[in-house]
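Chemist: Structural data only, the sequence is not supplied:
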C-alpha cells in the first residue's frame, strides 16, 4: 500500500526542488491515480497544486500544457483536442473513465514515465518537449530514456505545425490498460512511428520511419512499416499478454494508424 509520512503544499518551484533534493524518499504529486498502484513509502509528498500550473496556452509556434493540467482538460480543450487531427483526444479517451481523467495530470504522467501510458505514445509522435525546473527544455524522448533523473516537470510543449497524426490501441476490455498502442505522424521532415505498452516505454521505430521517407506512404508501405517496427522494437511478457502476441499485433496497429493518416490527406 501507499504510505505518506508528510504532505506539503509548496509556494514555489524552488521550494519544491529543495524538498526533492533533501529527501531521497520524496515524490512530487500529480493526480496520484497511478502512484497508488504499487506499495511505496513516501517521506515527503510535494504538492504543486497551488503553483498555477494548470493551463493550456499557445503562441504561433507552440502549445504549452502546464504540469498540473488534467488529462480531461487536454482531451477537451480546443487547442489540444484538434491538434494534428485530434490524436491527443483519441489517445486519452480510452483511459478508464472521465472521473479518472479529471484527476490524472500531464506532469504526473510524464514524470512517471509509465510504460503503459497512451499519452506518452501520442506525445512522442508530436515531438513533444518537456520543461524541467533544473534541466530546462529537453526532448520527451530524452527524458524517457533517463528514468533515474529526478527533476520537476513544469510544462510540456508541442509544436504547432501541419503534421497529421493518428493513434491505435488494443485492450482486453474497455477500461483496461493497453495491451499495445501505437501513434504515427506525417510531418514536414518525415514520419514518426511510435509503439508503446510493449510493455516497455514508448519508443520510435527508426527503421519504419526511414522506409516511409524513402518510399512514401501508401497501403503497401504502411504494411511494411508495421512489419519493420515489429522486427526492430523489443516486446515483453506481462499478465496482459506475451511478447510474441504483442509483436504480432504491432504491424496491425501501425498499419491501421498510418492508413488513417493517409486517408486524412
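Modeler: Structure's in. What do you need? All values reported here derive from a predicted model rather than from experimental measurement. Numbers count the residues shown, from 1 in each chain.

Chemist: Could you list the low-pLDDT ranges of this protein?
Modeler: 31-38, 265 (pLDDT under 70).

Chemist: The top strand by length along it pairs with which strands?
Modeler: Longest strand of the chain, by residue count under DSSP state E: strand 178-187. If you go by DSSP bridges, strand 178-187 pairs up with strand 164-171 (antiparallel), strand 190-196 (antiparallel).

Chemist: Pick the most deeply packed of these.
Modeler: Of all the strands paired with strand 178-187, strand 190-196 carries the top mean neighbour count, a mean of 25, counting by mean count of other CB atoms under 10 Å. No exception for glycine: its C-beta is placed from N, CA and C like everyone else's.

Chemist: quick revisit: CSV for the strands paired with strand 178-187, including distance to residue 126?
Modeler: CSV is the format used below for these (distance: least, CB to CB, whole Å):
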stretch, distance to residue 126
strand 164-171, 6
strand 190-196, 8
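
Chemist: Among those strands, which comes closest to residue 41?
Modeler: Smallest distance to residue 41 across the strands paired with strand 178-187 (CB to CB): 28.8 Å, for strand 190-196.

Chemist: So what touches the closest one?
Modeler: 115-118, 120-122, 124-127, 165, 178, 180-185, 202-205, 208-209, 212-213, 217, 225, 229, 233, 250, 253-254, 258 (CB atoms under 8 Å, 6 or more residues apart in numbering).

Chemist: do that again at 6 Å, thanks
Modeler: 121, 124-125, 181-185, 202, 204-205, 208-209, 212-213, 229, 233, 250 (CB atoms under 6 Å, 6 or more residues apart in numbering).

Chemist: Show me what whichever helix or strand comes after that strand is packed against.
Modeler: Once the chain leaves strand 190-196, the next helix or strand it forms, by DSSP states H and E, is strand 203-204. Strand 203-204 sits against no helix or strand, with contacts defined as 3 or more CB pairs under 6 Å, 6 or more residues apart in numbering; DSSP states H and E.

Chemist: mind listing the strands for the stretch 51-200 of the chain?
Modeler: 56-58, 62-66, 129-132, 136-139, 153-159, 164-171, 178-187, 190-196 (DSSP state E, counting those that start in this stretch).

Chemist: Please identify which of those strands is closest to residue 28.
Modeler: strand 153-159 (7.8 Å).

Chemist: how close does the nearest residue to residue 174 once chain neighbours are set aside get to residue 196?
Modeler: Closest residue to residue 174 apart from its sequence neighbours, by CB to CB, 6 or more residues apart in numbering: residue 94 at 7.0 Å. Noted for residue 94: a distance of 13 Å to residue 196, by CB to CB, to the nearest Å.

Chemist: same thing with residue 109?
Modeler: Residue 109 is 12 Å from residue 196, by CB to CB.

Chemist: between the longest strand of the chain and strand 153-159, how big is the angle?
Modeler: With axes from the mean of the first three to the mean of the last three CA atoms, to 10 degrees as the basis, strand 178-187 and strand 153-159 are set at 50 degrees to each other.
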